[in-house]
Structure formats: C-alpha cells, structure tokens
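Peer 1: sharing a sequence plus its predicted fold:
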Amino acid sequence: MEVQHQAHGPIEAAAPEGGPPADAHLTEPVVKAVAAWVNQFARTLKTGRLYHPNNPVVVRFRGELIASLTRLLDEVGPFTCKFTNDDILFDDVSLHPAKSRDDNLALHFHRDGVRALTFNPGITARELDALLDAVALVSGKAQVEDDLVTLFWQANLDHVDVDYVPAEGDVGAGAEGEALVPWPTAAADETPEAPTDAAAETTPAASGSRSDDWSTGEATVEVEAGFDELDTLARGELDRFRAEFAAEHEVSIMTTALAIARAYLNAGATREDRVELGRFLPRMLRLALAEGSWLEAREGLALLRACESDQWSVETFTQELFQPISVATTVEILDRQEGVQVAEFVALARTLGEQAVEWLNLTLAESQQRRTRRALAEAISDLCRDHPEQMAQLVGDPRWYVVRNAVQILGWIGGDGIIGLLRAAMRHRDPRVRREVVAALGRVSDVAARPLLLEMLTGADTRLFCAVLHQLVTQRDAETAHLLVGYLRNPTYDRRPDAEKHAIVSTLGAVGTDDALPDLEAELAKGNWLARGAETHRLAIARCIARIGTPRARDLLERGALSRRGAVRDACVEAVKGLHGHP
C-alpha cells in the first residue's frame, strides 16, 4: 500500500498510464457512479455490524461491493474520495453527508487523520474486506488502540493510496528541506544501530517522545481536526447532558434513598444491618406521608416489614395516623391531589390490613372534595363487603354528612347483613340521611327491608313518604295493602298533599290483593255526587282496582260500568278501557 501524507492543500489523483484522462472525473455520470458505490460501501458496513461475518447476507453484500468497485475502476480508472468531518467528497461534490452523529461515516476517517483514499485498478476482495474490517473496528463501540492509518498499514493495501495528516508536531514549522519521519518498512529493521555514545554526542535533545511508528511532540497539527470533531459532537452531547441532568433531578431524594435501601436489603444484609435500617426507615416513611408521596410511603412500609424490626409495628404506626392532627394533614394534602395520587393513597391504605378501613373512614369524614370522597367510599365498600359491621363507627358519627356517606357505602355493599346498621340510621334527625337509608334498603331483600320501610312511613315528610312507597311496590303484600287502605279510608286523607294521595293509590294497586277490593268498592261509591274533585278520586280508585287485575277485580269494574250512578259508571268504564288495552 502506498501511503501519502500532507499537512494541507487539495489532493489530486493522477490518471494511470493508458487509463481515462483526469478530467473524466468531472463528468456527471462518473460522479453518480462513484456516489452510488460510496453509498453501497456504507450499506455494506452497516450490514456487517448487524450480522456475523460469515452470514450469507454479509458475504453477498461484500461480493457485490467488490464487483461494483471493479467495474467502476475499469470504466473510470482510479478515483479519490476526500474526507471532511461530516462529508465524503469526490471532485468537491458531496457524496455521503452526515445525517446525525451516529450516522457520520466521514468522521471516522477524518478523526484518525485520513484525508483521502485513492482506489486503483486491480484491487482485490481481500484488500476491500480489510478496508471494511478496519473501518468497522474504529467505528464500533469497542475501544481499540490503533487508528485507521495504522490498521491500513497493517492490512498491506497495495491498490489503495492513503493520504493522511502526519502526527509530527513540527511538520510545516521546521527548516526547509528537513526530512520527515519515513513510514516504517521491513528494511528499517535491518539497519545497524549506531553506537550509543556517538548518538549521544551528535543527536540533539529530542523535543518529544516517540510513539510506535512516529514521533510525538507537545505541538500538534490536529487542532483543527479535533475542534471540528468537538464542534460536530457538541450539540448532541449538550442535549444529552441536559436531558440526563433533568432526569436525574426529577427523581426526589426520598425515592433515591428508598431505592438504595431496597438494593441494600437485596444485597444480603445481615440481621444487624436490618436492625440499623429499621431505625432509619420510619423517618423516611413519616416524611413521605407529610409530603403526600403515597407511592414512596408504601415502598417504605414494605421495606420496614422486610427489616422485621422489633422496634416498629403496624399497630403503633397506625395509632399515629389516627390522631386528629395527622388525619387533618393527610386530608389537606389529599384534597389537593388528582385521581392518580388518590388511587396511590388507597393502595397505601390497603397495605395496612385491618387498620385500613378505620384510616379510610377517618379520612372520608374530613374530606371536602367530592372526587376524593367518591374514591375513598368505593375503597371502603370493597374492603367492608364481607364485614359491613366495620362501618358502625361512621354510622354513629354526630355529623350528618358522615352518616349519609356511611349509609351510601352500605347501599353499595348491599345484602341483609346491613339491616342492623340501617335500622340505627333510619331515625336520624336529618331527612337527607333517612332518604339515603330508603335508597340503601333497595339493595336488601324484600322480606328484610319491608318492616323497616313500613316503620319509616310514620311521621315521614312528603318526599320521604313517597320514596318509601316507591320501594314497597316490588311485590304484592296483604299487610302493606291493609296499611294503605287504612290511609285511604282515614278522614285525614283528603288533607294530604296530592303527591302522597297519588303514591298511596298507585302503591295500593301494585301490592293489593282481593282482600282490599271491598274497601276499594266502598271508596268508589263513597262521597257526595257533587263534591269537588270526587270524579278524579273515583277514577284513581277504579284504576287501582284495574291494576290489581284479579278476576274479582275485573268483575267489580264490570258491575260498576253498569251502575246507575253516572260518576261511578264513567270511572269504571274508563278503567275497563285501560284494562282491555293491556291484556
């Protein structure tokens, strides 16, 4: 391999004897052909990084590359590719500009001082493979001691001329005509050594030390190349540094400390180590709770349990959590947080075991945010599903809104197991609590709920009265029908609000049996013919009978339709029409 070097100036490749003229390189087809081969070289290099050297794909790519180079040299003769810090040039035409820091083929040549490569006809596949291997070696992630110039020299590339920047520190600055350090050859080893004493007397003190194949000095001509490389890498490296710096500082000290503690335990900590760590972790746990870092608090709790310290227990810790000032602080933080953080708090509470419900109950009682209360209530209902008696503390709370929330949770739980707690809340002084009890009784079996509903009718306001009757329409019941008939025949019935009257008659039609028909028939015929509103009342009674729908009820309406009293006849006829319309 012939190796040339120069400190500066353009590189000119002379045409070989019998080859195409030098200006043939200036034609556009030649430039395109060389550019195509350089791109093929880059693709082959990338393929070699992905697969094993013996992979058929790599072998095929390398075979196609040498074939393309041979054809190109036969057509245009030798050609020279120049290298800058970010591009490969041919006759000052850009062939392969860098797309990014990781995709910068020219930089590997320029960084190692290679300024140009001249390819000559006759190049062999071995030489091209050696060239590819050298570039792949210096462009990979592995650390290598040799640079491209040394690797090219070792590869003995007879048909590739290398133009490189010499590593001499004084090139271009010495006396005119001063000889440069020659490229090492085999003949150099055969030159006899000069006597040591003579060399000491005649050779001036060297200005620098020697590396393997050339002298080194304090000065260097690689400053510009190094600066270009740094300038090319600087933007990407700065962005990387800023991103890593930001990511590092986004992680809190608490998270870092807990991660170190976890790694410490997993590294085979002894019993004494666990005791020492168990003394430190409670402080981290309290700090996490004070900052509302529920995820870190859960991790700290898990680490404490892993330490198995005798100086700490969940029971003692929860007593601190249940203190009014601790609950107030927790709620203040929780009400400012979003749903994700509230979910993390619920997950932390679940890890407390049996004490979880009490902590959630205390937090729910103090929370002022609806979304927070909703999430806490859902968690409590899930935890208390098998043991609803854990809600007794909330049901007995003096604050009406706390009791209402507790009753709502009981309604979500459902089942006959909540009857006792609902009975305790059904006489609450606040009507909003009583209405919530009625709604919760809808999740209880009819047999268990009916006695409570009938009891709640006494002294109920109109809204509660109607709500209770609405819950009673699920099935026919003679006892309920008897109670409603009593309301209907009571002299105070006419003074009831219209909503209550409508609810009584409608519910009686849904729950009544044949036992109620005599009283309904009497009510149908009762009253002054000229009384105001009597027609509306009779029609409501007739429709109630029609809704009972038994054969006796149908017979009663058919007889009424033949009555000589016009008001009774009209009401029954109207009810029979509705009856036939709903067979």
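Peer 2: On my side now, so go ahead.
Peer 1: for the chain, give me the ranges with low pLDDT.
Peer 2: 1-26, 167-222, 251, 527-533, 579-583 (pLDDT under 70).
Peer 1: domain assignment for it?
Peer 2: Split into domains by automatic domain parsing, the chain comes to 3-175, 475-583.
Peer 1: tabulate these (a markdown table), appending distance to residue 227 and mean neighbour count.
Peer 2: Using the backbone N, CA and C atoms, a C-beta is placed for each residue, glycine as well. Shown next, in a markdown table, are those (distance: least, C-beta to C-beta, whole Å; neighbours: other C-beta atoms under 10 Å):
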| stretch | distance to residue 227 | mean neighbour count |
| --- | --- | --- |
| domain 3-175 | 9 | 16 |
| domain 475-583 | 91 | 17 |
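Peer 1: reformat these as CSV; add distance to residue 298.
Peer 2: Compiled in CSV, the domains of the chain are given as follows (distance: least, C-beta to C-beta, whole Å):
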stretch, distance to residue 298
domain 3-175, 39
domain 475-583, 48
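Peer 1: for residue 308, which of the ones you listed is the nearest?
Peer 2: Residue 308 lies closest, by C-beta to C-beta, to one member of the domains of the chain: domain 3-175, at 44.5 Å.
Peer 1: who's in contact with residue 541?
Peer 2: 505, 520, 523-524, 571 (C-beta atoms under 8 Å, 6 or more residues apart in numbering).
Peer 1: return the member of these nearest to residue 386.
Peer 2: residue 505 (42.1 Å).
Peer 1: not counting the helix or strand hosting the closest one itself, show me its contacts.
Peer 2: Assessed by DSSP states H and E, residue 505 sits inside helix 498-511. If you take C-beta under 8 Å, 6+ apart as the criterion, helix 498-511 is touched by 462, 465-466, 469-470, 472-473, 475-477, 480-481, 484-485, 487-488, 493, 496, 516, 520, 540-541, 543-548.
Peer 1: and residue 265, how many neighbours does it have?
Peer 2: By other C-beta atoms under 10 Å, the residues close to residue 265 number 15.
Peer 1: what sits against it?
Peer 2: 274, 277, 303, 306-307.
Peer 1: about what we covered before: among the contacts of helix 498-511, which ones are in strands?
Peer 2: The strands, defined by DSSP state E, take in nothing from those.
Peer 1: in helices, which of the residues you listed fall?
Peer 2: 462, 465-466, 469-470, 480-481, 484-485, 487-488, 520, 540-541, 543-548 (DSSP state H).
Peer 1: by neighbours, which of the contacts of residue 265 wins?
Peer 2: residue 307 (23 neighbours).
Peer 1: secondary structure element for the residue positioned nearest the centre of the chain, which one?
Peer 2: Compute the mean C-alpha point of the chain, and by C-alpha atoms, centre = their mean the closest residue is residue 340, 11.2 Å away. Using DSSP H and E, residue 340 sits in helix 339-350.
Peer 1: how distant is that helix from the center of its chain?
Peer 2: Taking C-alpha atoms, centre = their mean, to the nearest Å, one finds helix 339-350 lying 16 Å from the centre of the chain it belongs to.
Peer 1: right, and residue 402 touches residue 394 too?
Peer 2: Yes: in this structure residue 402 lies within contact range of residue 394 using C-beta atoms under 8 Å: 5.7 Å.
Peer 1: more neighbours: these two, which one.
Peer 2: residue 394 (26 against 19).
Peer 1: now do the same contact list for that one.
Peer 2: Residue 394 makes contact with 361, 364-365, 402-403, 405-406, 409, according to C-beta under 8 Å, 6+ apart.
Peer 1: ok, residue 86 - contacts?
Peer 2: 97-98, 104, 106-107, 232 are the contacts of residue 86 under C-beta under 8 Å, 6+ apart.
Peer 1: just read off the phi/psi values of the closest residue to residue 292 other than its chain neighbours.
Peer 2: Counting by C-beta to C-beta, 6 or more residues apart in numbering, residue 333 is the residue found nearest to residue 292 once chain neighbours are left out, at 3.8 Å. Per-residue torsions, residue 333: phi -70, psi -40 (degrees, to the nearest 10).
Peer 1: count of residues packed around residue 333?
Peer 2: For residue 333, using other C-beta under 10 Å, the count is 17.
Peer 1: just the one 4 residues further on next, same as before
Peer 2: Residue 337 has 17 neighbouring residues, counting by other C-beta under 10 Å.
Peer 1: so it makes contact with residue 293?
Peer 2: No: at 10.6 Å, residue 337 and residue 293 do not qualify as touching, with contact defined as C-beta under 8 Å.
Peer 1: any idea which helix or strand carries residue 96?
Peer 2: Counting by DSSP H and E, residue 96 is found in no helix or strand.
Peer 1: correct me if wrong: it contacts residue 90.
Peer 2: No: counting by C-beta under 8 Å, residue 96 stays clear of residue 90, with 9.7 Å between them.
Peer 1: so what's in contact with those two at the same time?
Peer 2: 35, 38.
Peer 1: give me the longest helix you can find in this structure.
Peer 2: helix 223-250.
Peer 1: other SSEs contacting it?
Peer 2: If you count contacts as 3 or more C-beta pairs under 8 Å, 6 or more residues apart in numbering; DSSP states H and E, helix 223-250 packs onto helix 105-111.
Peer 1: ok, the next helix or strand after the helix it packs on: who's next to it in the sheet?
Peer 2: Going down the chain from helix 105-111, the next helix or strand is strand 114-119, by DSSP H and E. Sheet pairing of strand 114-119 (DSSP bridges) gives strand 79-83 (antiparallel), strand 160-164 (antiparallel).
Peer 1: tell me which of the ones you listed sits nearest to residue 287.
Peer 2: Of those, nearest to residue 287 by C-beta to C-beta is strand 79-83, at 57.5 Å.
Peer 1: ok, then the element right after that closest one?
Peer 2: strand 88-90.
Peer 1: listing partners with orientation, what would you give for that following strand?
Peer 2: Strand 88-90 is paired, per DSSP bridges, with strand 79-83 (antiparallel), strand 93-94 (antiparallel).
Peer 1: what residues do residue 402 and residue 394 have in common as contacts?
Peer 2: 364-365.
Peer 1: ok, residue 109 - contacts?
Peer 2: Applying C-beta under 8 Å, 6+ apart, the residues near residue 109 are 83, 115, 117, 135, 148.
Peer 1: sorry, that was for residue 133
Peer 2: Residues near residue 133 by C-beta under 8 Å, 6+ apart: residue 155.
Peer 1: got phi/psi on it?
Peer 2: Dihedral angles (degrees, to the nearest 10) for residue 133: phi -60, psi -40.
Peer 1: before we move on, the earlier item: just put the strands paired with strand 114-119 in a markdown table and tack on distance to residue 325.
Peer 2: Shown next, in a markdown table, are the strands paired with strand 114-119 (distance: least, C-beta to C-beta, whole Å):
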| stretch | distance to residue 325 |
| --- | --- |
| strand 79-83 | 72 |
| strand 160-164 | 77 |
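Peer 1: quick one: which of these is nearest residue 262?
Peer 2: Within the strands paired with strand 114-119, the stretch nearest residue 262 is strand 79-83; the backing value is 50.3 Å (C-beta to C-beta).
Peer 1: and that closest one, how far out from the chain's middle?
Peer 2: 50 Å.
Peer 1: convert it to CSV, retaining C-alpha atoms only.
Peer 2: Taking Å, rounded to 0.1, in the frame of the first residue of the first chain, the C-alpha atoms of strand 79-83 are listed here in CSV:
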residue,chain,number,x,y,z
PHE,A,79,-10.6,7.8,-8.2
THR,A,80,-10.0,9.6,-5.0
CYS,A,81,-12.5,10.2,-2.2
LYS,A,82,-11.8,13.0,0.3
PHE,A,83,-13.0,13.1,3.9
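Peer 1: close enough to count as contact, residue 78 and residue 116?
Peer 2: No: taking C-beta under 8 Å as the definition, residue 78 is not a contact partner of residue 116, at 11.7 Å.
Peer 1: contacting residues around residue 300?
Peer 2: 258, 281, 284-285, 288.
Peer 1: quick check: phi and psi on it?
Peer 2: phi -60, psi -40.
Peer 1: secondary structure element for the nearest residue in space to it that is not next to it in sequence?
Peer 2: Of all residues not flanking residue 300 in the chain, residue 285 sits nearest, at 4.0 Å (C-beta to C-beta, 6+ apart). Assigned by DSSP H and E, residue 285 belongs to helix 271-291.
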